[in-house]
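Undergrad: Take this sequence and fold it.
(2 chains)
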2 protein chains.
Amino acid sequence: MATLIAPSNHSPQEDAEVLKKAFEGWGTDENTIIVILGHRNVHQRQQIRRAYEEIFQEDLVKRLESEIKGDFEKAVYRWILEPADRDAVLANVAIKNGKNYNVIVEIATILSPEELFAVRRAYINRYKHSLEEDVKGMLMLLVGLVTSFRYVGDEINPKLAQTEAEILHDAVKEKKGSYEEAIRVLTTRSKTQLIATFNRYREIHGTSISKKLVDEGSDEFQRALYTTIRSINDHIKYYEKAVRNAIKKLGTDEDALTRVIVSRAEKDLKLISEVYYKRNSVLLEHVVAKETSGDYKKFLLTLLGQED
Amino acid sequence: MATLIAPSNHSPQEDAEVLKKAFEGWGTDENTIIVILGHRNVHQRQQIRRAYEEIFQEDLVKRLESEIKGDFEKAVYRWILEPADRDAVLANVAIKNGKNYNVIVEIATILSPEELFAVRRAYINRYKHSLEEDVKGMLMLLVGLVTSFRYVGDEINPKLAQTEAEILHDAVKEKKGSYEEAIRVLTTRSKTQLIATFNRYREIHGTSISKKLVDEGSDEFQRALYTTIRSINDHIKYYEKAVRNAIKKLGTDEDALTRVIVSRAEKDLKLISEVYYKRNSVLLEHVVAKETSGDYKKFLLTLLGQED
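TA: Numbering: from 1, shown residues only, chains lettered A, B, ... in the order given. All right, here's what the predicted structure looks like:
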């Protein structure tokens, strides 16, 4: 039982022309867009898209995107796509956000097997990755990392560093099929070898791989790659930034602050604290004293080596 | 380079007694806790724990948890644990939150291979699941669902429903090693068969499996199981709730609202709307009209079948 009210007689050509008129002139005539597209079924909408393209040599979807905005645009955009294509977009947005697993579950469970298969096909056409590969990427990295048992030693294979710098480069650029290879590299090589690879990357590409990752946008998987590379490359700098971010947050991220201080107080917190001072020109103890209070503050300062 | 300042001469027995005194009497003497524990290295802290247990037949960690609270408690708790055990706790909290993948990456990359191995051992001891299994659970479910190609038909195998209701029960109760089986059931059986299994579950346990899941707490994996079961069992009810939650949120979740209306307007939005009315005694169109505005509102109402 649908709610949509669509006329049985409509002319795709006429609809396309009315829409074109709605786009032109001073401002967009949103009402016409709503009246037309809000009253056409999936088949009719696809006919309109084709007619519009034929008559005006222009992609209706792109034109709509440029004419309207906000939640209205999002709704119209999702509406005008074919269902399988729309679900591919919804799944991709959910993966990029790294939350909303429920959207993926919805699509996978509520659709019929044939519909789900169509979504997977649409997903590949759009993103050049399979849906399941994108779902898996993040977790393959995490599982690979936690089950790793790396060689510890100083030997470096420069040729390998060269090849694998390129593997990482491909993954960072989201080229097809390169995730698994990048994950294999990051989860099996020794840290010394990986640092050589990161250095080789910088020589080849004129920028560090972590900088490149930041520039390339940031879905959740890329953020995890970023964390992996930075913490392998120089964990002192990594922790300095973790502390800096924890403090910078509105309201301080106490969990992160506690984690770093407690975990490193007996190891290298002095080094982290020195790097912090160099970077921020303020003593870590002073910032911690300012941002925390009570017994919690006293305890952290004690671990930071401040004598009472 | 550590920041911790710990004396080389300390008596674990004396420390235990001073701590005990700090707990007793009117209020807790937090300062003593800080002065003692904040100045003992990992080895010394474990000696104190043992001495305290021997002398007072009481677990120092549990006692601390009951004496102090908030960020101070969390920091002391993490500090008093052995490092591998602490990291197991940190990883588990990160998994349960379903965010903070960086914590897992940190632990997996910054620790030495032997240290990481110790964390995995500590994790199993504490949680009776392996760390990698807990990281994987979610992934296996999602990948299983999106790659499923279920049989569509009305045949039911009642014996299978019985056996598999128990498999699901074990997974819901977080028994060891039952995830994979539950995932296999949920990702391979036909929907008709699964609904029979859910019904069997209710007969055996006197409550629905989704109700049971809610009661058993909610890490991210369990929330995904919950979504899976509800959307297979009755997707109309599932969507009614999705809409209800989207509207209930402070500020409305437009993405979720758009998703449901756009995806179902040509399918079964009328049914969803009827269930919504029965559940909330208010028309969905009225609520949408109240919570949205402008062209976005007009468009959604059009899809909901409201004539202008």
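
Undergrad: How is chain A partitioned into domains?
TA: For chain A, the domain assignment from the TED database gives the residue ranges A:12-68, A:83-147, A:158-233, A:239-304.

Undergrad: Need the ones you listed in TSV (columns: mean pLDDT, mean neighbour count and distance to B:I5).
TA: Yep, even glycine has a C-beta here, placed from its N, CA and C like the rest. Converted to TSV, these look like this (pLDDT from 0 to 100; neighbours: other C-beta atoms under 10 Å in any protein chain shown; distance: least, C-beta to C-beta, whole Å):
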stretch	mean pLDDT	mean neighbour count	distance to B:I5
domain A:12-68	94	16	61
domain A:83-147	87	20	33
domain A:158-233	87	18	27
domain A:239-304	93	19	8
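
Undergrad: so can I have CSV of the ones you listed showing distance to chain B?
TA: Putting the domains of chain A into CSV (distance: least, C-beta to the nearest C-beta, whole Å) gives the following:
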stretch, distance to chain B
domain A:12-68, 3
domain A:83-147, 3
domain A:158-233, 4
domain A:239-304, 3
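
Undergrad: can you tell me which of those comes nearest to B:Q222?
TA: In terms of C-beta to C-beta, the element of the domains of chain A nearest to B:Q222 is domain A:83-147, at 11.6 Å.

Undergrad: follow-up on the earlier one: redo the domains of chain A as CSV? Include distance to B:E24.
TA: Listed next are the domains of chain A as CSV, based on distance: least, C-beta to C-beta, whole Å:
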stretch, distance to B:E24
domain A:12-68, 69
domain A:83-147, 42
domain A:158-233, 43
domain A:239-304, 18
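
Undergrad: Just confirm A:I36 contacts A:E14, I think it does.
TA: No: under the criterion of C-beta atoms under 8 Å, A:I36 is not in contact with A:E14, lying 9.5 Å apart.

Undergrad: between those two, what contacts are shared?
TA: Common contact partners of A:I36 and A:E14 (C-beta atoms under 8 Å, 6 or more residues apart in numbering or on different chains): none.

Undergrad: returning to what we had before: closest one to B:G305 among the domains of chain A?
TA: Proximity of the domains of chain A to B:G305 was assessed by C-beta to C-beta; the nearest stretch is domain A:12-68, lying at 9.8 Å.

Undergrad: just the CA coordinates of stretch A:269-284, formatted as PDB?
TA: Below are the C-alpha coordinates for stretch A:269-284, written out as PDB (Å, rounded to 0.1, in the frame of the first residue of the first chain):
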ATOM      1  CA  LEU A 269      55.300  10.500  29.000                       C
ATOM      2  CA  LYS A 270      58.300  12.800  29.500                       C
ATOM      3  CA  LEU A 271      59.100  12.700  25.800                       C
ATOM      4  CA  ILE A 272      55.500  13.300  24.900                       C
ATOM      5  CA  SER A 273      55.400  16.200  27.300                       C
ATOM      6  CA  GLU A 274      58.500  17.700  25.700                       C
ATOM      7  CA  VAL A 275      57.100  17.400  22.300                       C
ATOM      8  CA  TYR A 276      53.900  18.900  23.600                       C
ATOM      9  CA  TYR A 277      55.800  21.900  24.900                       C
ATOM     10  CA  LYS A 278      57.700  22.400  21.700                       C
ATOM     11  CA  ARG A 279      54.400  22.300  19.700                       C
ATOM     12  CA  ASN A 280      52.200  24.400  21.900                       C
ATOM     13  CA  SER A 281      54.700  26.600  23.900                       C
ATOM     14  CA  VAL A 282      52.900  25.700  27.100                       C
ATOM     15  CA  LEU A 283      53.600  23.000  29.700                       C
ATOM     16  CA  LEU A 284      51.400  20.000  29.600                       C
END
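
Undergrad: now what about that stretch, what contacts it?
TA: A:236-237, A:239-240, A:243-244, A:260-261, A:264, A:285, A:287, A:303-305, B:1-4.

Undergrad: what's the distance between the spatially most central residue of chain A and A:T227?
TA: Nearest to the mean C-alpha position of chain A, by C-alpha atoms, centre = their mean, lies A:D219 at 0.6 Å. Using C-beta to C-beta, to the nearest Å, one obtains 13 Å as the distance from A:D219 to A:T227.
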